[in-house]
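>>> Just to be clear, the model below is a prediction. Sequence and coordinates:
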Amino acid sequence: MKQHAVLITVLFALSVSLISVSIIFWEFYKLNKQQYIDHIFTKYSVITQIYREHQQRQNSDIMLDANLAVYKMQIVKDEAEQERVVKGGEILKREGFESVKASLMFSEGELYTKNTITKLRATMIEYKNHIYFFMQTKNAGLLIKDEDLKSYIYINLLYAYSTIFLIISISFILVLQKLRPLIRLRKKIELFGDGNREISFKTNNCDEIGLVSNELESTKGKINNLLESRTLFLRNLMHELKTPIAKGTIATQMLNTQKQRDRFTSIFARLETLVNEFALIEEVTSLDNKKDFKEYRLVDIIDGAIDMAMVDRSSVSVDISGDVKRTVNYRLYTTAIKNMIDNAMKYSSDMHIKILIINGELSFESRGECLSHPLQYYIEPFTKDNPSKNSFGLGLYLVDSILKSHGEVLAHEYEKGVNRFIFA
């Protein structure tokens, strides 16, 4: 998920923006529609006044129709239509109020005014894009159709919302389009890191990502040149060193005394060992892909390491099931195990090493004194506790380098007189 953090952030911003705009427009739509309804509902006061005058003066229905027609309203007299509107229409607003009818009365020789209060309820109904007012009293009901008023029109608001929605969407699409070269660039960098030296970062784009890509192309060329120069230098150097070593080894046999022959033979053997270890270091550090990694049984790898170490098999105890497998570069991983065996033969008190699996990790146990320095000290090149030992101090450095190329690390524990090195 972290690999797509920028893309996820952009999509999250797009979602938040669109949702926010939608919520704002929805709330504005509801508010605007309610204001429109409240505004036109005030027309019921005109209907109430006309209806009250009709009741007070006892005018004919024709007169009531004529008064309503002035305001472009008409009474719905068809009962079927009334039922359709009242039951099938959408009630926009409803409000109750009182109508007061004043009349002069004469009683017991006195004249007085009598007020008759009639409770009314006005309901505004929308039906098929027309507005109706339904006036209800205790004993009757009057449905009036307003020819002038129309339903709330939201097309302008919808147009504005659609325009803003489209602008935001297009803007983010353009941003995502600009991010596509960045995604491709990341994949190319990953391939280059995995060892594909022929990958090309070159692009014709002139934006910031294009400039970065072209700079990477230039940097790739410099890195490839450095790697080729380094490899050529090291291989030529080792080749040139091996030739005089071979000649010196042959010439040693022409010396007069056995003591001199043994001394020079030892010197040239150590030089050859050092050159071989340098060659191995060069191979490990230049390992840039896993094409040579295959699955092997761990016991087979350990058998090969024991043969390379040329030690008595009774000095090595192997407590590992034949079902345990590792996907490794066989030669390098065998060399790492061989160096751990050599290390035990040089520094253990009983010249014995036990190889076993602990919690799924390959462990090497040998008796001896605890390391006098932290493990980090010993995995540096040319470091060792005892200079008199026949070693250049490259053994653990090679082991650590090989393990790193396999995605593992070297760890150390000391418990009850036992040094335990772990391939973790």
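In hand now; what should we look at?

>>> mind listing the strands in this structure by residue range?
With DSSP state E, the ranges of strands along the chain come out as 73-75, 90-107, 110-127, 130-136, 141-150, 293-297, 316-319, 325-329, 353-358, 361-367, 410-415, 418-423.

>>> Quick one: neighbours of residue 348, just the number.
Using other CB atoms under 10 Å, residue 348 is surrounded by 18 other residues. Heads up, the C-betas are built off the backbone N, CA and C, glycines and all.

>>> Residue 174 too?
Using other CB under 10 Å, residue 174 has 10 other residues around it.

>>> right, and residue 44 touches residue 133 too?
Yes: Residue 44 lies in contact with residue 133 (CB atoms under 8 Å); the separation is 5.7 Å.

>>> between the two, what contacts are shared?
122, 124 (CB atoms under 8 Å, 6 or more residues apart in numbering).

>>> For residue 222, see how far away the closest residue to residue 90 other than its chain neighbours is.
Closest residue to residue 90 apart from its sequence neighbours, by CB to CB, 6 or more residues apart in numbering: residue 126 at 4.7 Å. From residue 126 across to residue 222, the span is 75 Å (CB to CB, to the nearest Å).

>>> again with residue 42
81 Å.

>>> And residue 364, by the same measure?
Distance of residue 364 to residue 222, computed by CB to CB: 41 Å.

>>> Neighbour count for these two, which is higher?
Neighbour comparison, residue 364 and residue 222: the larger count goes to residue 364, with 21 against 9 (by other CB under 10 Å).

>>> what about residue 46, how many neighbours?
As a measure of burial, residue 46 has 15 neighbours, counting by other CB under 10 Å.

>>> Kindly apply the preceding question to residue 244 instead.
Other residues near residue 244 come to 12 when the count uses other CB under 10 Å.

>>> Could you do residue 121 as well?
14.

>>> Please tell me I have it right and it contacts residue 94.
Yes: with contact defined as CB under 8 Å, residue 121 counts as touching residue 94 (6.8 Å).

>>> sorry, back to before: so for residue 44 and residue 133, which sits in the more crowded spot?
residue 133 (24 against 21).

>>> Look up which residues are beta-bridged to that one.
Note on residue 133: beta-bridge partners residue 124, residue 144, judged by DSSP bridges.

>>> Could I get the contacting residues of it?
For residue 133, the contact set (CB under 8 Å, 6+ apart) comprises 43-44, 47, 73, 122-125, 143-144, 146.

>>> pretty sure residue 304 contacts residue 330?
Yes: Residue 304 is within contact range of residue 330, at 7.4 Å (criterion: CB under 8 Å).

>>> Comparing the two, which residue is more hemmed in?
For residue 304 versus residue 330, neighbours defined as other CB under 10 Å are more numerous around residue 304 (18 against 15).

>>> And the pLDDT at that one?
Per-residue confidence (pLDDT) for residue 304: 88.

>>> Format the strands of the chain as JSON lines; extra columns: mean pLDDT and distance to residue 377.
Converted to JSON lines, the strands of the chain look like this (pLDDT from 0 to 100; distance: least, CB to CB, whole Å):
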{"stretch": "strand 73-75", "mean pLDDT": "84", "distance to residue 377": "101"}
{"stretch": "strand 90-107", "mean pLDDT": "65", "distance to residue 377": "85"}
{"stretch": "strand 110-127", "mean pLDDT": "67", "distance to residue 377": "87"}
{"stretch": "strand 130-136", "mean pLDDT": "85", "distance to residue 377": "91"}
{"stretch": "strand 141-150", "mean pLDDT": "81", "distance to residue 377": "90"}
{"stretch": "strand 293-297", "mean pLDDT": "88", "distance to residue 377": "30"}
{"stretch": "strand 316-319", "mean pLDDT": "88", "distance to residue 377": "26"}
{"stretch": "strand 325-329", "mean pLDDT": "87", "distance to residue 377": "27"}
{"stretch": "strand 353-358", "mean pLDDT": "90", "distance to residue 377": "21"}
{"stretch": "strand 361-367", "mean pLDDT": "90", "distance to residue 377": "18"}
{"stretch": "strand 410-415", "mean pLDDT": "89", "distance to residue 377": "11"}
{"stretch": "strand 418-423", "mean pLDDT": "90", "distance to residue 377": "14"}
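
>>> any idea which helix or strand of the protein has the worst average confidence?
Within the chain, no helix or strand scores below strand 90-107, which has a mean of 65 by mean pLDDT, DSSP states H and E.

>>> all helices for the stretch 201-350 of the chain, in order.
Shown for the stretch 201-350 of the chain, the helices assigned by DSSP state H, counting those that start in this stretch span residues 208-252, 258-285, 298-309, 330-347.

>>> contact partners of the shortest one?
Think helix 298-309. The contact list for helix 298-309, computed with CB under 8 Å, 6+ apart, reads 313, 316, 318, 320-322, 324-326, 328, 330, 333-335, 337-338, 341-342, 345, 355, 357, 362.

>>> Now with 6 Å, please.
Residues external to helix 298-309 that are found in contact with it (CB atoms under 6 Å, 6 or more residues apart in numbering): 316, 318, 320, 322, 324, 326, 333-334, 337-338, 341-342, 355.

>>> Take these and write them to CSV, including neighbour count and distance to residue 184.
Output for the contacts of helix 298-309, formatted as CSV (neighbours: other CB atoms under 10 Å; distance: CB to CB, whole Å):
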residue, neighbour count, distance to residue 184
316, 20, 51
318, 14, 49
320, 16, 45
322, 9, 46
324, 13, 41
326, 18, 35
333, 26, 35
334, 23, 40
337, 24, 41
338, 23, 44
341, 22, 47
342, 19, 48
355, 23, 47
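
>>> State the pair within the residues you listed that is farthest apart.
322 and 342 (24.7 Å; CB to CB).

>>> so how many other residues sit close to residue 87?
9.

>>> actually residue 305, not the one I typed
22.

>>> Name the nearest residue to it, ignoring sequence neighbours.
In space, residue 305 is closest to residue 337, 3.7 Å off (CB to CB, 6+ apart).

>>> And for residue 298, the neighbour number?
21.

>>> per-residue confidence at the closest residue to it other than its chain neighbours?
Residue nearest to residue 298 in three dimensions, not counting chain neighbours: residue 324, with 4.5 Å by CB to CB, 6+ apart. For residue 324, the model assigns a pLDDT of 87.
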